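In: sequence unknown, structure follows:
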């Protein structure tokens, strides 16, 4: 986890340190996160960091007669971000239960994991009669035939046009919400393509299923030779999403549109963005969480993973155009605070006190303010 380092007597979080420009001031959403991380990384006067080799002690530069040249890195200006990891689950968005309404006997069912799109067979009944998936938000609640009007007819007409079975100008002229002769002709064309002969151009109950989009079969509830009524399939959309049960303490750290990084089970990382943030908490008061959803920027990166554990890295603070040095360049001072050792002309050295800001774990850099200039060389631990 990354965070902001602070110490007693320094400016309050968000204040501009002496000598720092406004651009160097980090943007924080949740100062408490930064303080907690700072204590973990630099506890007990940075003794923990010393033992891990992250920070150098003031006498570790190796300066002296015959000493080899020290390892150095440049002071730079960069954009930094501080992230914190949270556990999450990668799966498919949405959940829909497909219910049979037309009766009859099931003669074909899809397999779990199968994706079914607009105009394709969802299942078959009796003498191999297809039940078709169409797109729409209004469920199929009645028989559809010539002369009817309504929202269900509107979505049927749009489906027939999208599938190429009906003419958009003809449907538009007759009315999108009207089951016209053009609609009947389109239904005949669709059913003929699916192997139905002698279609009357109408749709009896249970012959189509409307869902918002393509579906992926999660579980098959019905059985062959069983009744084509009641719950038959549990489905989802075919689009991946990442679900996070985020602690309410971290709610200020997230907002819709925020970029995140998702680490998949194979260790690879892929970018994403927060697509929704819940407002209703669940769980006990001590462990209350909200639901946060992440949409992957490159969905194909997830393959066919379902209900897979992943890690999402949320940005908790950021700083633009900041003065930065490697974390290893920091020297904890006996009087408190930190400094870096700068190499000058003729291999001269001087200690420059710095105020430490946010850490970027990805780059290993830390934001500092002090009498430093981009391009100067600071001493770092030898590798």
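Out: Received the coordinates, thanks. All figures in this text were calculated on a predicted structure; none of them were measured in a lab.
In: Okay, now stretch 285-299: how far is its last residue from its first?
Out: Its first and final residues considered, stretch 285-299 spans 35 Å by C-alpha to C-alpha, to the nearest Å.
In: Tell me the strands beside the longest strand seen in the chain, with direction?
Out: For the chain, the strand with the greatest residue count under DSSP state E is strand 308-326. Sheet partners assigned to strand 308-326 using DSSP bridges are listed as strand 27-28 (antiparallel), strand 76-92 (antiparallel), strand 259-263 (antiparallel), strand 365-370 (antiparallel).
In: could you measure the most centrally placed residue in the chain against residue 241, distance?
Out: Centroid-nearest residue in the chain: residue 294, 2.8 Å away (criterion: C-alpha atoms, centre = their mean). Plainly put, residue 294 is 7 Å away from residue 241 if you go by C-beta to C-beta, to the nearest Å. To be clear about C-beta, it is placed using only N, CA and C from the backbone, and glycine gets the same treatment.
In: ok, then the element right after the longest strand of the chain?
Out: strand 331-332 (DSSP states H and E).
In: counting contacts, what elements does that following strand pack onto?
Out: Here strand 331-332 touches helix 43-52, strand 338-343, going by 3 or more C-beta pairs under 8 Å, 6 or more residues apart in numbering; DSSP states H and E.
In: tell me the domain ranges of the protein?
Out: 22-84+317-379, 86-92+240-314, 96-237 (automatic domain parsing).
In: Same list (these) but as JSON lines, adding mean pLDDT.
Out: Shown next, in JSON lines, are those (pLDDT from 0 to 100):
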{"stretch": "domain 22-84+317-379", "mean pLDDT": "75"}
{"stretch": "domain 86-92+240-314", "mean pLDDT": "95"}
{"stretch": "domain 96-237", "mean pLDDT": "96"}
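In: picking up where we left off before, what's the most buried one of the strands paired with strand 308-326?
Out: Of all these, strand 365-370 has the most neighbours on average by mean count of other C-beta atoms under 10 Å, namely a mean of 24.
In: could you pull out the helices for the stretch 201-350 of the chain?
Out: With DSSP state H, counting those that start in this stretch, there are no helices along the stretch 201-350 of the chain.
In: ranges for the strands of it?
Out: 208-211, 215-220, 230-237, 240-247, 259-263, 269-277, 289-296, 308-326, 331-332, 338-343, 349-360 (DSSP state E, counting those that start in this stretch).
In: quick one: the third one to strand 215-220, angle?
Out: Our comparison of strand 230-237 with strand 215-220, counting by axes from the mean of the first three to the mean of the last three C-alpha atoms, to 10 degrees, yields an angle of 130 degrees.
In: counting contacts, what elements does strand 230-237 pack onto?
Out: Using 3+ C-beta pairs under 8 Å, 6+ apart: strand 230-237 touches strand 76-92, strand 96-100, strand 121-125, strand 215-220.
In: change it to 7 Å
Out: On a contact count with 3 or more C-beta pairs under 7 Å, 6 or more residues apart in numbering; DSSP states H and E, strand 230-237 meets strand 96-100, strand 215-220.
In: Let me know which of these is the nearest to residue 278.
Out: Ranking the helices and strands packed on strand 230-237 by proximity to residue 278 (C-beta to C-beta) places strand 96-100 first, at 20.6 Å.
In: Mind checking what helix or strand follows that closest one in sequence?
Out: Immediately after strand 96-100, counting by DSSP H and E, sits strand 106-108.
In: what's that next one in contact with?
Out: If you take C-beta atoms under 7 Å, 6 or more residues apart in numbering as the criterion, strand 106-108 is touched by 123-126, 128, 222-226, 228.
In: what's around the nearest residue to residue 224 once chain neighbours are set aside, how many residues?
Out: Residue nearest to residue 224 in three dimensions, not counting chain neighbours: residue 106, with 5.5 Å by C-beta to C-beta, 6 or more residues apart in numbering. Residues within reach of residue 106, counting by other C-beta atoms under 10 Å, total 20.
In: Report the beta-bridge partners for residue 106.
Out: Residues in a beta bridge with residue 106, per DSSP bridges, are residue 125.
In: can you check residue 89 too?
Out: residue 243, residue 309.
In: so how far is residue 310 from it?
Out: Noted for residue 89: a distance of 7 Å to residue 310, by C-beta to C-beta.
In: what's the answer for residue 138, then?
Out: For residue 138, the distance to residue 310 - C-beta to C-beta - is 35 Å.
In: Comparing those two, which shows the higher neighbour count?
Out: Shown here are residue 138 and residue 310; by other C-beta under 10 Å, residue 310 has more neighbours (23 against 13).
In: OK, contacts around that one?
Out: Contact analysis of residue 310 by C-beta under 7 Å, 6+ apart lists 88-90, 242, 262-265.
In: Could you report the neighbour count for residue 175?
Out: When neighbours are counted by other C-beta under 10 Å, residue 175 registers 14.
In: How about it: what's its closest non-neighbour residue?
Out: residue 149 is the one closest to residue 175 (C-beta to C-beta, 6+ apart), at 7.4 Å.
In: next one: residue 95
Out: residue 236 is the one closest to residue 95 (C-beta to C-beta, 6+ apart), at 5.5 Å.
In: same check, this time on residue 289
Out: Nearest one to residue 289, counting by C-beta to C-beta, 6+ apart, is residue 245 at 4.2 Å.
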